[in-house]
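A.B. asks: What would the 3D arrangement of this be:
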Amino acid sequence: MSGPRTRPGGTALLIVISLIAIVVVALIVSGIHLSNPYLRKKVVEMLGAKFHADVELKGFHVYLFPGARIEGSGLVLRHQGRTDVPPLISIGEFSAAAGITGLLWKPWRIQQVKLKGLVIQIPPPAERRKQDWSKEQDMRILIHEIVSDDAELRLLPKSVDKDPHVFAIHRLVMHSVGLDRPASFTAQLTNAIPPGEIESSGSFGPWSPDDPGQTPLSARYTFDKADLGVFKGIGGILSSEGTFGGVLEKIEVEGKTSTPDFKVTIGGHPVDLETTFSATVDGTNGDTLLHPVTAHLLNTVIVAQGGVVKSPDNKGRLIALDVTVDQGRLEDLMRLAVKADKPPMTGAIKFHTKFDLPPAKGVDIADRLNLNGKFDVAQGQFTSPEVTEKIEALSRKGQGRPEDEDAGSSISELKGNFVLDNGVISFRGLTFSVPGAEVALNGKYALEKEGLDFHGKLRMKAKLSQTMTGAKSFLLKAFDPFFRKNGQTELPIKVTGTRDHPSFGLDLRYKGREKGE
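C.D. replies: Numbering: from 1, shown residues only. Coordinates of the predicted model:
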């Protein structure tokens, strides 16, 4: 039994189709084989020309079916061929996908590039060298999207013994990327200290091949859920938003922060702290210059200028500021530093101080903070009725009217110079005055134990005998000449004990020889 007959024309058609298929497959296979060295060479030439660098490339593979795809690893770009500094750019793994038609015309159009382990290291200006790249290869390329995971931007310091300033970016997406144009981007990263999530979006580029540190950028950011508790001695959850821009080696930042539960551990009372700031981040050394920071703490405005800079021993960063309060409330500041629910004193305060906070891991901020300044409290009043009564009694006696209930006043003036070091405040030229009397003291106050150790003088307008009535007044008249000086009564006094249980008394061992007492 014979099978169906095949026409000669049909057989020839099948043979032709088979031959065409074989030829196409052969062309595709040979094209894949030939494209690897050709495209590898072109990629190396393009990157070298655009970034002014010597290029190292370990793995490189090209696939043309079903669409053009490139995969590679171990990409390293050394700026101007230098091996004495870290490479400008290194990438652990990369891949690129494009339609075949996207590679037929210039610029090449790449659909997506994926990067893993991208590290960009910007050398300081002194380490950059100019070079004539007028013969750079003209290989234009446009990438629709770049997705980078686990990227780092490192700004290298001038001194080799110092650590680079590192920006760790765990997710970066860029759009419409070309080496001759700016590209839009979004980025997410986790800040290390204080820990918190940062999201940013803006524009980056175009790349500056002669001087990478001059590559421009502009963006907005949000910083959420930053736990200040990592800094021993303070607490609160900070959020911030703002803008930054400029060039990689010098970034200008403006923004604001909000910490609704800010507290100093030694006081323990949370307060609402809001700040606005303007700063410059020096990419050559990582220093941050503040100009200025304005903080709103309840009803007090604090203005600070200075910087966050490398410490002399290169073991961290030192915060060095000039802090000024022109219109503040004493009770707002005391709420941070005093454990009691009610601040012991209220009043309008002005002060200026040098603020130095050296780095020291695991050490409470109160124990390493250094202050050196002066203050002036006007219209001060004590919140304790018992203390208020004693101050009024002092005022009446100082005026020589001990039994006149209408004479005394508890409204006080307080001013002096202070130095805070190792958790102890030392006061010099501390004066406390009410109508009729003034107290001048030098001494110390321990923040943690709230201990008092002050010595000085009590000066009164009235004679000593006028501070008493009856027989006591008569007996004291004999002593009036011994305690009168420059038309005032002067008594040596001391204040010891603790803030909650102070002890006042005559200081019979006081010599009063120190200047200003």
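
A.B. asks: Where in the protein is the helix or strand with the lowest mean pLDDT?
C.D. replies: When the helices and strands of the chain are compared on mean pLDDT, DSSP states H and E, helix 8-51 comes out lowest with a mean of 59.

A.B. asks: Identify all contacting residues around stretch 379-390.
C.D. replies: Outside of stretch 379-390, the residues that reach it under the criterion CB atoms under 8 Å, 6 or more residues apart in numbering are 330, 342-348, 391, 410-414. C-beta: built from backbone N, CA, C; applies to glycine.

A.B. asks: Next, the distance between the ends of that stretch.
C.D. replies: 17 Å (CA to CA, to the nearest Å).

A.B. asks: re earlier: how about the contacts of stretch 379-390, which pair is most distant?
C.D. replies: Maximum pairwise distance among the contacts of stretch 379-390 (CB to CB): 21.5 Å, between Lys342 and Glu413.

A.B. asks: Neighbour count: these two, which is higher?
C.D. replies: Residue environment comparison for Lys342 versus Glu413 gives the larger neighbour count to Glu413, 16 against 11, counting by other CB atoms under 10 Å.

A.B. asks: helix or strand for that one, which one?
C.D. replies: In the assignment (DSSP states H and E), Glu413 maps to strand 412-421.

A.B. asks: got the buried residues for the helix or strand following that strand?
C.D. replies: As assigned by DSSP H and E, the chain's next helix or strand after strand 412-421 is strand 424-434. Neighbour counts over strand 424-434 (16 or more other CB atoms under 10 Å) mark Val424, Ser426, Phe427, Arg428, Gly429, Leu430, Thr431, Phe432, Ser433, Val434 as buried.

A.B. asks: between strand 424-434 and strand 412-421, how big is the angle?
C.D. replies: Between strand 424-434 and strand 412-421, the angle formed by their directions is 170 degrees, by axes from the mean of the first three to the mean of the last three CA atoms, to 10 degrees.

A.B. asks: Return strand 424-434 as PDB; C-alpha atoms alone will do.
C.D. replies: As requested, the backbone C-alpha atoms of strand 424-434 are provided in PDB (Å, rounded to 0.1, in the frame of the first residue of the first chain):
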ATOM      1  CA  VAL A 424      29.500  69.200  87.300                       C
ATOM      2  CA  ILE A 425      28.600  72.900  86.800                       C
ATOM      3  CA  SER A 426      31.100  75.400  88.200                       C
ATOM      4  CA  PHE A 427      29.700  78.900  88.800                       C
ATOM      5  CA  ARG A 428      31.800  82.100  89.000                       C
ATOM      6  CA  GLY A 429      30.500  85.500  89.900                       C
ATOM      7  CA  LEU A 430      27.000  84.000  90.500                       C
ATOM      8  CA  THR A 431      24.700  86.800  91.900                       C
ATOM      9  CA  PHE A 432      21.200  86.500  93.200                       C
ATOM     10  CA  SER A 433      19.400  89.700  94.100                       C
ATOM     11  CA  VAL A 434      16.000  90.800  95.500                       C
END
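
A.B. asks: Show the average pLDDT along it.
C.D. replies: Looking at strand 424-434 alone, the average pLDDT works out to 92.

A.B. asks: Note down every partner strand of that strand and its orientation.
C.D. replies: Partner strands and pairing direction for strand 424-434 (DSSP bridges) are strand 412-421 (antiparallel), strand 437-446 (antiparallel).
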